[in-house]
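J.: This is a predicted model, with the sequence first.
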Amino acid sequence: MKIHEIELRKIFDSRGEPTIEVIVIDGEGRRFTAAVPSGKSKGTREVSTFSFEDARVAVDKIRETVAAKVFEGVGEIDAFLLGIDGTPEKKILGGNVMLGVSIAAARALAHGMKREVWELIREEYFSDIVEERVPLILSNFVNGGGHANNNLDLQEYLVIARTNGSVIKTVGKLIDLYRATGEFLKKQYKLNNIPIGDEGGYSLDFPDNFEPLSILEALIDENDLENEFILGLDAAASHFGSEKGYVLEKKKYTREKLVEKYKEYFKKSKLLLSIEDAFGENDTEGFIQLRKAVPEKWVVGDDLTTTNAKEIENHAGEGAINAVIIKPNQIGTIAEACGAIQAARRHGVKIIVSHRSGETEDAFVIELAKACAADGVKIGAPVKERLIKFNELIRLYS
């Protein structure tokens with residue numbers, strides 16, 4: 001496959017912030033696009049994100065040599081991009097530019113080979129997968145922290161859906177539960193309208209950080225949905241502290257006291273399965289202590305690991321995590337995201353392919369989840385722009 005031309009377009013994400021769309025034109029004049037999301041809650045080790053103006057300069061650098069190349073696989077495309085940039089932080093081309101080119105070019109390559117993108121990626125990186133499985137769906141019902149303007153310290157309260165046979169039925173029930181949650185909150189807190197956070201979750205004030213979990217668990221119980229829905233948290237703890245100490249509900253916590261607080265959450269909520277970024281991104285010891293305290297639960301790395309194979313190897317090896325978030329725009333290319341997934345698989349770490357808070361219409365994360373047989377997909381509340389990901393899930397898994 002030859003790339004004849006690369007174009008760049010400024011678009012806007014779900015928060016109304018500018019982002020980029022990359023258009024790759026192949027040798028026969030066909031156009032393939034990729035829109036790149038953006039995150040608000042970012043780990044410091046994520047790769048560089050370029051403005052549109054800087055992205056145009058980066059695309060010019062790629063154009064200088066790309067026309068002379070013939071690409072036979074996703075790895076070749078990404079090796080070409082990595083060769084031009086040559087920096088771990090993607091300071092020359094920008095991680096968002098590289099990811100846009102990587103995805104759009106992969107789509108061009110797949111079209112030329114008469115393959116689906118997920119099939120192409122699986123054949124190249126996950127050819128040993130023989131058993132298909134539908135991932136758990138992690139859906140954000142309540143927003144707090146950096147994703148909302150309310151009093152919750154914890155960033156996301158997730159309803160996790162088990163797909164028991166039919167993806168479309170599961171998504172339908174998830175939508176029904178989301179609506180029922182909204183109606184309950186309106187009645188409980190005497191509201192006409194409920195504020196909505198960045199990812200579609202309800203973002204009103206609550207009496208404390210545990211209350212949303214209590215409400216969601218009660219609604220699941222009342223509707224006899226315990227076999228279909230469980231719960232998860234994304235603490236995004238870097239926003240309320242570090243290894244030097246944490247502040248929750250205006251109270252100070254040491255690392256050890258925070259471990260005890262999370263143990264209390266797991267004890268009080270029979271449906272709580274997972275907690276993501278329970279400690280600051282440099283507080284590896286906190287993760288290790290929590291893993292030992294709740295060995296049967298999922299202790300998930302995101303800011304800690306930033307879709308970086310080396311970080312995943314290190315933290316999984318030392319017992320800090322048993323599940324990991326995969327966000328392709330944290331690292332910059334499909335190949336590197338797949339390398340991170342391969343590292344997780346080597347250590348038996350659960351794989352959750354995730355969206356970002358500032359989303360686009362692009363559903364590549366669902367294609368990646370299908371390619372690697374992910375354990376979960378994290379795609380926000382089942383409303384508005386997030387439904388694009390849910391609908392792609394239905395298409396690929398039905």
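T.: In hand now; what should we look at?
J.: from here on, contacts and neighbour counts on C-alpha atoms
T.: OK.
J.: okay, and for the stretch 1-150 of the chain, where does confidence drop off?
T.: Along the stretch 1-150 of the chain, the model assigns pLDDT under 70 to residues 41, 147.
J.: Tell me where it has helices.
T.: Taking DSSP state H, counting those that start in this stretch as the test, the helices found in the stretch 1-150 of the chain are 52-66, 74-85, 95-112, 117-125.
J.: any chance of the ones you listed in JSON lines, with distance to Ile11 too?
T.: JSON lines is the format used below for these (distance: least, Cα to Cα, whole Å):
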{"stretch": "helix 52-66", "distance to Ile11": "9"}
{"stretch": "helix 74-85", "distance to Ile11": "23"}
{"stretch": "helix 95-112", "distance to Ile11": "13"}
{"stretch": "helix 117-125", "distance to Ile11": "23"}
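J.: Out of the ones you listed, which one sits most buried?
T.: Highest mean neighbour count of those: helix 95-112, a mean of 26 (counted as mean count of other Cα atoms under 10 Å).
J.: Report all helices and strands that it contacts.
T.: Helices and strands touching helix 95-112, as assessed by 3 or more Cα pairs under 8 Å, 6 or more residues apart in numbering; DSSP states H and E, comprise strand 18-26, strand 31-35, helix 52-66, helix 74-85, helix 117-125, helix 334-346.
J.: Would you mind saying which of those lies nearest Gln289?
T.: Ranking the helices and strands packed on helix 95-112 by their distance to Gln289 (criterion: Cα to Cα) puts helix 334-346 first, at 19.9 Å.
J.: Pick out the residue nearest the middle of this protein.
T.: For the chain, the residue lying nearest the average C-alpha position, counting by Cα atoms, centre = their mean, turns out to be Ser354 (1.9 Å).
J.: In the helix ranked longest in the chain, which residues are buried?
T.: If you go by DSSP state H, the chain has its longest helix at helix 167-188. With burial defined by 16 or more other Cα atoms under 10 Å, the residues of helix 167-188 counted as buried are Val167, Ile168, Thr170, Val171, Lys173, Leu174, Ile175, Leu177, Tyr178, Thr181, Gly182, Leu185.
J.: Any idea how many residues pack against Ile194?
T.: By the criterion of other Cα atoms under 10 Å, Ile194 has 17 neighbours.
J.: pretty sure it is touching Asp205, no?
T.: No. With contacts defined as Cα atoms under 8 Å, Ile194 does not count as touching Asp205, sitting 10.0 Å away.
J.: All the helices of the stretch 201-350 of the chain, residue numbers only.
T.: Listed in chain order, the helices found in the stretch 201-350 of the chain under DSSP H, counting those that start in this stretch are 211-222, 255-268, 284-293, 309-317, 334-346.
J.: of all those, which lies closest to Glu53?
T.: Using Cα to Cα as the criterion, the shortest distance between Glu53 and the helices of the stretch 201-350 of the chain is 23.5 Å, found for helix 334-346.
J.: Give me the buried positions along that closest one.
T.: Of the residues in helix 334-346, those buried under the neighbour-count criterion (16+ other Cα under 10 Å) are Ile334, Ala335, Glu336, Ala337, Cys338, Gly339, Ala340, Ile341, Gln342, Ala343, Ala344, Arg345.
J.: Show me what that helix is packed against.
T.: Secondary-structure packing of helix 334-346 (3+ Cα pairs under 8 Å, 6+ apart): helix 74-85, helix 95-112, helix 309-317, strand 323-326, strand 350-354.
J.: The fourth one pairs with which strands, and in what direction?
T.: Translated: strand 323-326. Based on DSSP bridges, the strands next to strand 323-326 in the sheet, each with its direction, are strand 298-301 (parallel), strand 350-354 (parallel).
J.: what mean pLDDT would you report for it?
T.: Strand 323-326 comes out with an average pLDDT of 98.
J.: Name the residues that touch it?
T.: With contact meaning Cα atoms under 8 Å, 6 or more residues apart in numbering, strand 323-326 is reached by 298-302, 305-307, 312, 337, 340-341, 344, 349-354.
J.: what comes up buried for it?
T.: Within strand 323-326, the residues that qualify as buried by neighbour count (16+ other Cα under 10 Å) are Ala323, Val324, Ile325, Ile326.
J.: so the first one bridges to which residues?
T.: Legend: beta-bridge partners of Ala323 under DSSP bridges are Val300, Lys350.
J.: quick one: buried residues of stretch 366-374?
T.: Neighbour counts using 16+ other Cα under 10 Å place Ile366, Glu367, Leu368, Ala369, Lys370, Ala371, Cys372, Ala373, Ala374 of stretch 366-374 among the buried residues.
J.: residues in contact with the nearest residue to the second one once chain neighbours are set aside?
T.: Read it as Glu367. Excluding the flanking residues, the one nearest Glu367 by Cα to Cα, 6 or more residues apart in numbering is Trp118, at 5.0 Å. Going by Cα under 8 Å, 6+ apart, Trp118 touches Glu367, Leu368, Lys370, Ala371.
J.: Try it again at 10 Å.
T.: When the contact criterion is Cα atoms under 10 Å, 6 or more residues apart in numbering, the partners of Trp118 are 106-107, 110, 124, 364-372, 396.
J.: One more: Lys292?
T.: Gly319, Ala320.
J.: pretty sure Leu81 contacts Leu99?
T.: Yes. Contact criterion Cα atoms under 10 Å: Leu81 and Leu99 qualify, at 9.5 Å.
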